[in-house]
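Enquirer: give the three-dimensional model of this entry:
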Amino acid sequence: MEKKILFKYIDDPLQVNIDTYMSHGGYKAWEKVLKSMKPAEVIDEMKKSGLRGRGGAGFPAGMKWSFIPKDSPKPRYLVCNADESEPGTCKDRVLMEHDPHAVVEGMAIAAYAIGSHQAFCYVRGEFAYPAAMMEKAIDEAYSKGILGKNIFKSGYDLEMVVHTGGGAYICGEETALLNSLEGERGMSRIRPPFPAIEGLYGCPTVVNNVETLAVVPQVINMGAEWYAAIGTEKSKGTKIFSLSGHIKRPGNYELELGTKLSYLMNDLGGGMLDGHKLKAIIPGGSSTPFLLPNQIDTPLDYESLAAAGSMLGSGAVIVIDERTCMVWVIERLIHFYKHESCGKCTPCREGTGWLEQLIGRIEAGEGQQGDLEKIDSICDNILGRTICPLGDAAVMPIQSALKLFRDEFQYHIDNKKCLVKTEFEFK
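Expert: Sure thing, here's the model as predicted:
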């Protein structure tokens, strides 16, 4: 069901101001942490809450924080990943635009928990307005003594800055983001070592995304047990889903994890646009495998979507109706991933280019017999063979489409026209 925790005050236009945020209980969690909790206690609270990273991977936040070495003499860094770049995803920018202080407070608590005195908010280059709102919120926090030196007379210091990227999809991957933050080209690093051991400037670093950090103050205020009671046994809390495509009421909806996909699409989204039939659903962003209409009652949580053959991912639900050619969908997706490949890994750099050529010529009515087998082979040689998940992201929707809609691809090759739009003849 719909449950507003992050979105509780999202419609209040004054929530962006620190006084309004504080009147709604803002920064109480930050004060509580500094005055009455040790860093280890904050980490334990996050572990008990079951909060998992909302950037796509779903790794437990508290466990990630606990990986920071206790005895390292190096500085420690907290980085907020606000490089929201997965196609179909538009939730983090809404939080930054409408409730930026929740992000600031969550960053501050996470920084304290890992022993960091410097936090960075890395914002996607195209997000000029969200970046400006984050900068304004940080400035207001400094003016109130909520950031800076000796915060709440606790003896704890924290500096926080906004850094804008160059608009590269690859910088949504945490190690590429760290390279970019250091002023280098955004290219993923080989792991291990992981960022918790050797991250920004070679120092212990935690990277969490906007949605993950924004809910941290609520967990501290309400308690881990409260948060853990929401959702399913293994998927705790709420998740913001970005609903788009052939749907009557697209938008961002915050749901308790485990809510059925059909509730999001029909009850909140209003059902299919113009009464057309549902053909396919992308449940977690463009990099996740498709679901079919008979899977519309799949619960929206990590385990259920994995069992259904897809992923929760970033929570971007893209609805596709029966008028849509799946060859065209895949051609658009592989063009995007080929363009966004950083070029570091040969399978991704070369493979996405080959896939774009093959799928592009099928879409153009110039496909040849054997092309689908070549696509299968190239996908197999990319999947799991790259430094970062971009290669996997590029091929998983292709493999899914060939499994579920192979007849459409073969029809393009055999008949030089589209199975869906049979009146269209290729020229």
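
Enquirer: switch to C-alpha atoms for all contacts and neighbour counts from now on
Expert: OK.

Enquirer: now stretch 382-401 - C-alpha only, CSV.
Expert: Presented in CSV, the C-alpha positions along stretch 382-401 are these (Å, rounded to 0.1, in the frame of the first residue of the first chain):
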residue,chain,number,x,y,z
ILE,A,382,29.5,-9.4,-22.1
LEU,A,383,27.4,-10.6,-19.2
GLY,A,384,29.5,-10.9,-16.0
ARG,A,385,32.7,-10.0,-17.8
THR,A,386,33.1,-6.3,-17.2
ILE,A,387,34.5,-4.3,-14.3
CYS,A,388,31.2,-2.6,-13.5
PRO,A,389,27.6,-3.5,-14.1
LEU,A,390,27.1,-1.3,-17.2
GLY,A,391,27.8,-4.3,-19.5
ASP,A,392,25.2,-6.4,-17.6
ALA,A,393,22.7,-3.5,-17.7
ALA,A,394,23.1,-3.3,-21.5
VAL,A,395,22.5,-7.0,-22.2
MET,A,396,19.9,-8.0,-19.6
PRO,A,397,17.0,-6.3,-21.3
ILE,A,398,18.2,-7.6,-24.7
GLN,A,399,18.3,-11.2,-23.4
SER,A,400,14.9,-10.7,-21.8
ALA,A,401,13.4,-9.3,-25.0
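
Enquirer: what comes up buried for it?
Expert: Going by neighbour count (16 or more other CA atoms under 10 Å), the buried part of stretch 382-401 is 382-383, 386-401.

Enquirer: what do you get for stretch 246-259?
Expert: In stretch 246-259, counting by 16+ other CA under 10 Å, buried: 246-259.

Enquirer: can I get those residues in JSON lines including secondary structure, distance to Glu135 and pLDDT?
Expert: Formatted as JSON lines, the buried residues of stretch 246-259 follow (DSSP: H, G, I helix; E, B strand; the rest coil; distance: CA to CA, whole Å; pLDDT from 0 to 100):
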{"residue": "His246", "secondary structure": "coil", "distance to Glu135": "35", "pLDDT": "97"}
{"residue": "Ile247", "secondary structure": "strand", "distance to Glu135": "34", "pLDDT": "97"}
{"residue": "Lys248", "secondary structure": "coil", "distance to Glu135": "35", "pLDDT": "98"}
{"residue": "Arg249", "secondary structure": "coil", "distance to Glu135": "31", "pLDDT": "98"}
{"residue": "Pro250", "secondary structure": "coil", "distance to Glu135": "29", "pLDDT": "97"}
{"residue": "Gly251", "secondary structure": "strand", "distance to Glu135": "25", "pLDDT": "97"}
{"residue": "Asn252", "secondary structure": "strand", "distance to Glu135": "24", "pLDDT": "98"}
{"residue": "Tyr253", "secondary structure": "strand", "distance to Glu135": "26", "pLDDT": "98"}
{"residue": "Glu254", "secondary structure": "strand", "distance to Glu135": "25", "pLDDT": "98"}
{"residue": "Leu255", "secondary structure": "strand", "distance to Glu135": "29", "pLDDT": "98"}
{"residue": "Glu256", "secondary structure": "strand", "distance to Glu135": "30", "pLDDT": "98"}
{"residue": "Leu257", "secondary structure": "coil", "distance to Glu135": "31", "pLDDT": "97"}
{"residue": "Gly258", "secondary structure": "coil", "distance to Glu135": "35", "pLDDT": "97"}
{"residue": "Thr259", "secondary structure": "coil", "distance to Glu135": "35", "pLDDT": "98"}
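
Enquirer: now tabulate the residues you listed in a markdown table and tack on distance to Thr288.
Expert: Shown next, in a markdown table, are the buried residues of stretch 246-259 (distance: CA to CA, whole Å):
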| residue | distance to Thr288 |
| --- | --- |
| His246 | 18 |
| Ile247 | 19 |
| Lys248 | 23 |
| Arg249 | 22 |
| Pro250 | 19 |
| Gly251 | 19 |
| Asn252 | 19 |
| Tyr253 | 19 |
| Glu254 | 20 |
| Leu255 | 19 |
| Glu256 | 21 |
| Leu257 | 18 |
| Gly258 | 18 |
| Thr259 | 19 |
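
Enquirer: out of those, flag the one nearest to Lys4.
Expert: Proximity of these to Lys4 was ranked by CA to CA; the top entry is Glu254 with 5.9 Å.

Enquirer: chain neighbours aside, what residue packs nearest to the closest one?
Expert: Setting aside the residues directly before and after it, Glu254 is nearest to Ile240 in space (CA to CA, 6 or more residues apart in numbering), at 4.2 Å.

Enquirer: am I right that that neighbour is in a strand?
Expert: Yes - judged by DSSP: H, G, I helix; E, B strand; the rest coil, Ile240 forms part of a strand.

Enquirer: ranges for the strands of the stretch 51-200 of the chain?
Expert: With DSSP state E, counting those that start in this stretch as the criterion, the stretch 51-200 of the chain has strands at 77-82, 118-123, 159-164.

Enquirer: of all these, which lies closest to Asn209?
Expert: Asn209 lies closest, by CA to CA, to one member of those: strand 77-82, at 4.4 Å.
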